[in-house]
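Trainee: need coordinates for the following:
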Amino acid sequence: MAQYDINLREYWRIVRKRKFTVLVIALILGVFSTIFAIFKAPAHVYSTECVVEIKKAPLVEGVYPQTITWSETDDIETQMTVIKSYAVLEKVAETLGLIPRHPSTEPRTQPQSHVIVVIESLQKKVEVTRQKYSSILYIKATDESPVFAQRLANTVALVYQEQHGEQQTKRAREALRYIDDQLREVREKLGEAEDRFNRFSKKNELISVDLQSENLLARAQEIQKEIAKIEKDKFEFEGIAVRLSEFIDDPAGSGQNFDSVKANSRYQSGNDVLVSLLLKRDTLLKEYTPKHPEVIAINDEIIETARKMDYLLQLHLQDIDRRGNDLYKELEILDKKTKLMLDKKLDFNRLKREVELYTDMTTLLERKNQEALIKRSEKPEEVNIVKPALLPSSPINPPRTVATGAMGVIVGFVFGLIIAFVFETFDTSLGAIEDVEQTLKTPVLGVIPQVDAKDVQASLHERHPEGVDEHSMKQAVNLIAHFVPKSMTAESFRALRANIQFKNGEKKLKTLAITSASPQEGKTLVSINLAITMAQAGMKILLVGSDLRKPMIARVFGIESHPGLSDILLGNFNWRETVKTITDLVMGEISLDEIMATPGLDNLFIITGGSIPPNPAKLIESESFTRFIQEAKNEFDMIIFDTAPILSAVDAALIGTKVDGILLLYRVGAVSKGLLKRAMSQLEQVKSQVLGVILNGMRPEVSPDFEDYKHYKYYSSYGEDAKKHTKKRFFPWARKKNSGPTPTDASQNSSQGRGNLRNRELKS
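Mentor: The predicted structure follows:
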C-alpha cells in the first residue's frame with residue numbers, strides 16, 4: 001500500500017515560490033471587497049416596536065352551542081393582515097400628514113396613484129409579528145428617521161385600535177342584511193340550474209359519458225405511441241441507409257456497423273453476409289495488396305451485398321411510411337369523435353357544476369346567517385396597547401466595511417493558495433536532488449545556489465566604497481568565484497571541483513564538457529567559475545568556448561573573440577596562437593587590481609569561440625578538433641569545454657564523444673522533466689561518458705533541498721586588523737572622480753603591469 005507523507009516544508013516552499021500570486025489575489029479581493037462594502041453600504045435604518053394585545057370575551061352558549069366555533073390562531077393571523085391593510089394604512093397616512101384628509105362621503109381629489117405609492121411605502125416599513133401561542137402582537141416600524149419610525153408604529157396601533165372597534169359593531173348588522181338578500185336570490189338560481197341539468201341529461205343520454213371519453217382517449221394514446229415508435233424506427237433506418245450509401249461509395253473501411261434488430265430477416269441475413277465478406281477481405285489484405293484479384297473480387301461482392309441491403313432497407317422504409325399514414329388517418333377519426341364527446345361532456349359538467357355551486361352557496365349562506373346572528377349578540381373584541389414604541393437610539397444596520405474587507409482578504413488568501421498549488425501541480429520541472437537522480441539515473445555532482453546580488457554588492461563595496469557601476473556588478477556576478485570567493489556560490493563551485501577531482505582520480509579525466517538541455521540555464525557561468533576554481537587550486541586549466549553558434553566566454557571576460565576555436569578548426573591559426581592568458585585579461589575590461597584581488601587567474605588559459613562559422617557541427621566533427629584535443633591534453637591538467645545546449649544543437653553530442661567526461665547542467669525549474677530526460681537520452685545515444693548532473697539556480701522557493709544548503713556560512717577569522725588591512729588594500733584601487741593618478745600615469749602603470757605579467761608568462 002502506497003504511503004503518503006505530509007511534508008510541511010514542501011508546502012511552505014510552494015507558498016514562498018508563489019507568494020506574489022497569493023498576495024496579489026488576496027490584495028485584489030480585499031480591496032474589491034472594501035470598495036464594494038463602502039459603495040454598497042446602505043443608509044442607516046432605525047427600528048422600533050409597539051406591543052398590542054387582542055382580548056376576546058368568553059362566548060355565552062345559547063340554544064345552538066354546537067354551531068359556535070372560535071379559532072384563536074386563524075383570527076390572530078387575520079388581524080395581523082388587517083393591521084397592514086390598505087384601509088388602516090390609508091388612515092395612518094392621513095394622520096401623519098402624508099396625504100390630505102377627506103370626508104368618507106366625498107371622492108379624493110388627489111390622484112389615486114400617488115395615494116397607492118404612499119400606502120405601499122408604509123406597508124414596506126411596517127412589520128407585524130406575533131408572540132408564540134398568545135394574542136400579543138408586535139407592530140414594528142422601520143425607517144431612516146428614528147422619529148418617524150416611532151410615530152409610525154404608535155400611529156398604526158392607534159388607528160387599528162379605533163377601526164377595529166368600529167368594524168366589530170357594524171359587521172354583524174351589514175352581514176345579516178347582505179346574507180338575507182343573497183340567500184333568497186341563490187335559492188331561485190339553484191332551482192333553475194337543477195331544471196336545466198335534468199333536461200340536458202335526458203336529451204343526450206349522458207349517463208356513461210366518462211367511460212366513453214376514457215375509451216376514446218385510451219385508443220388515441222395507443223395510436224400516438226405506435227406513431228412515435230414508427231418514427232423512431234424510421235430515424236434509425238434512415239441513419240443506416242445513409243451509412244450504407246457512404247459505404248457503397250467508399251467500401252475501404254471495415255469498421256462500419258449496419259446491423260439492426262428491428263429490420264426483417266432478409267436484411268439481417270444480408271448484413272451477416274456483408275460482415276463475413278468484410279472479415280474475409282481483412283484476412284486477404286494481411287497477405288495481399290488491395291489490387292490483388294481476390295481482393296478486388298471480394299470488394300465487388302461487398303458492394304453488391306451492400307446495394308441489396310440498401311434496396312431492402314428502402315422497401316422497409318416505404319412499409320413504415322404506409323403504416324404511419326394509416327395510423328394518422330385513424331387518429332384523425334378518433335379526434336373528431338373525442339371532440340364531439342368532450343363538447344357534450346363540457347356542457348354536462350358545466351350544468352352539474354352550476355347545480356353544485358348554487359347548492360354550496362345556499363349551504364354557506366345559511367351557515368353564515370346563523371353565525372351573524374350569534375356574533376351580533378357577542379361582546380366585541382378589544383385591542384389594548386401594552387407598550388408604546390420608543391425612540392430608537394442606534395441603527396439596525398451598522399456598516400461592516402472592515403469585516404467585509406478582512407473577509408475579502410481571507411478569501412483571497414485562500415483562493416490564492418489554491419491557485420498557487422494548482423500552478424505548482426502543472427509545473428513538471430524537477431526541484432529535489434532525489435527526483436533528478438531517480439529520473440536521470442545519474443548522481444548530482446554539484447549544487448549551485450542562485451547568486452545573491454546583495455552578497456556580491458557588499459563584497460564589491462568593500463573594494464570600491466564610492467560605488468560600482470552596472471557593468472562591473474554584472475561582471476562580478478559572472479565571475480563570482482574570483483570576485484567573491486567567500487560567497488556561498490563560490491564555495492559550491494569548490495565543492496563541485498572536489499567531486500570532479502574525485503571522479504578524476506577514478507577515471508583519469510583530462511577533458512571535460514559542460515552542456516545543458518536548453519539555453520539560458522547558466523552553462524557558460526558554471527564553466528567559467530569551475531575553471532577559475534580549478535585554477536585557484538593550482539591546476540593548469542584551459543577553458544575552451546566550443547559553443548560556436550553563440551559564443552559567450554569572450555563577452556564575459558571582456559576580451560577579443562578572434563582568433564578562436566573556429567579559426568583553429570578552419571586551419572587559419574595554430575591553437576597555441578589563440579590561447580588567451582592573464583595578460584589578455586588585463587588588456588581587456590578587467591583591471592589589474594581586480595585580477596590580482598584573488599590569486600589563481602594566472603593558471604587559467606582561454607580559447608574563445610572565434611568567428612561564427614556557417615557549419616559548426618562539421619567543424620567539431622572534423623579531425624582537426626580531435627587533434628587539437630590530443631595536443632592540448634599534453635600541456636594542461638584539465639580542459640573544460642563550454643558547449644551549446646544539447647537539445648538546441650548537435651554540437652554537444654559530438655563533443656561528448658571526444659572528451660573524457662561530460663556534465664549535464666540543469667537550472668532548477670527551467671525545463672520540464674520530459675526535456676531533461678530527452679537531453680540525457682541524447683547523450684547516452686552517442687555513448688558519451690556522463691559524469692553527473694549539476695543543479696544550478698537553487699532557491700528555497702524552488703527546491704526543498706535548498707533548505708539544507710542555505711545554512712552554509714564561510715567560516716573565517718578575520719579580526720579588526722584584517723578588516724583594516726583589507727580596506728588599506730582596496731582603497732588605492734578605488735575609482736574616484738576628483739582624486740587619484742592622472743589618466744597618463746594610470747595608463748603607464750597599467751602598461752607596465754601588463755608587461756611584467758607577459759614577461760613572467762614567457763619565462764614560464
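
Trainee: Three-state assignment for Phe258, please.
Mentor: coil (DSSP: H, G, I helix; E, B strand; the rest coil).

Trainee: can you show me the strands along this structure?
Mentor: Applying DSSP state E to the chain gives strands spanning 46-55, 126-130, 136-143, 382-387, 444-449, 511-516, 541-545, 604-607, 638-642, 661-667, 690-698.

Trainee: switch these over to JSON lines; also include distance to Val82, mean neighbour count and mean pLDDT.
Mentor: (Glycine included, C-beta is placed from N, CA and C.) Below are those laid out as JSON lines (distance: least, C-beta to C-beta, whole Å; neighbours: other C-beta atoms under 10 Å; pLDDT from 0 to 100):
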{"stretch": "strand 46-55", "distance to Val82": "11", "mean neighbour count": "19", "mean pLDDT": "88"}
{"stretch": "strand 126-130", "distance to Val82": "9", "mean neighbour count": "17", "mean pLDDT": "90"}
{"stretch": "strand 136-143", "distance to Val82": "11", "mean neighbour count": "20", "mean pLDDT": "90"}
{"stretch": "strand 382-387", "distance to Val82": "11", "mean neighbour count": "15", "mean pLDDT": "84"}
{"stretch": "strand 444-449", "distance to Val82": "82", "mean neighbour count": "22", "mean pLDDT": "85"}
{"stretch": "strand 511-516", "distance to Val82": "87", "mean neighbour count": "27", "mean pLDDT": "92"}
{"stretch": "strand 541-545", "distance to Val82": "99", "mean neighbour count": "26", "mean pLDDT": "93"}
{"stretch": "strand 604-607", "distance to Val82": "103", "mean neighbour count": "24", "mean pLDDT": "93"}
{"stretch": "strand 638-642", "distance to Val82": "96", "mean neighbour count": "25", "mean pLDDT": "93"}
{"stretch": "strand 661-667", "distance to Val82": "81", "mean neighbour count": "25", "mean pLDDT": "89"}
{"stretch": "strand 690-698", "distance to Val82": "80", "mean neighbour count": "23", "mean pLDDT": "85"}
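
Trainee: make CSV from these and add distance to Gly571 to it.
Mentor: Converted to CSV, the strands of the chain look like this (distance: least, C-beta to C-beta, whole Å):
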stretch, distance to Gly571
strand 46-55, 99
strand 126-130, 102
strand 136-143, 99
strand 382-387, 113
strand 444-449, 36
strand 511-516, 21
strand 541-545, 17
strand 604-607, 15
strand 638-642, 20
strand 661-667, 26
strand 690-698, 32
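
Trainee: closest one to Thr489 among those strands?
Mentor: For those, the distance to Thr489 is smallest for strand 444-449, at 5.7 Å, taking C-beta to C-beta.

Trainee: and the single longest helix found in the chain, average pLDDT?
Mentor: When the chain is scanned for its longest helix (criterion: DSSP state H), the result is helix 293-376. For helix 293-376, mean pLDDT rounds to 79.

Trainee: so what secondary structure elements neighbour it?
Mentor: helix 146-204, helix 209-249, helix 265-285 (3 or more C-beta pairs under 8 Å, 6 or more residues apart in numbering; DSSP states H and E).

Trainee: next, the angle from it to helix 146-204.
Mentor: Calculated by axes from the mean of the first three to the mean of the last three C-alpha atoms, to 10 degrees, helix 293-376 forms an angle of 110 degrees with helix 146-204.

Trainee: thinking again about what came up before, so which of the helices and strands packed on helix 293-376 gets nearest His292?
Mentor: Nearest of the helices and strands packed on helix 293-376 (C-beta to C-beta): helix 265-285, 7.0 Å.

Trainee: quick one, domains of this protein?
Mentor: Domain assignment for the chain by automatic domain parsing gives 8-41+399-426, 209-376, 433-452+489-710.

Trainee: quick check: which of those domains is buried the most?
Mentor: Mean neighbour count (mean count of other C-beta atoms under 10 Å) peaks for domain 433-452+489-710 among these, with a mean of 20.

Trainee: quick one: distance of that one to the chain centre.
Mentor: Domain 433-452+489-710 sits 42 Å away from the centroid of its parent chain (C-alpha atoms, centre = their mean, to the nearest Å).
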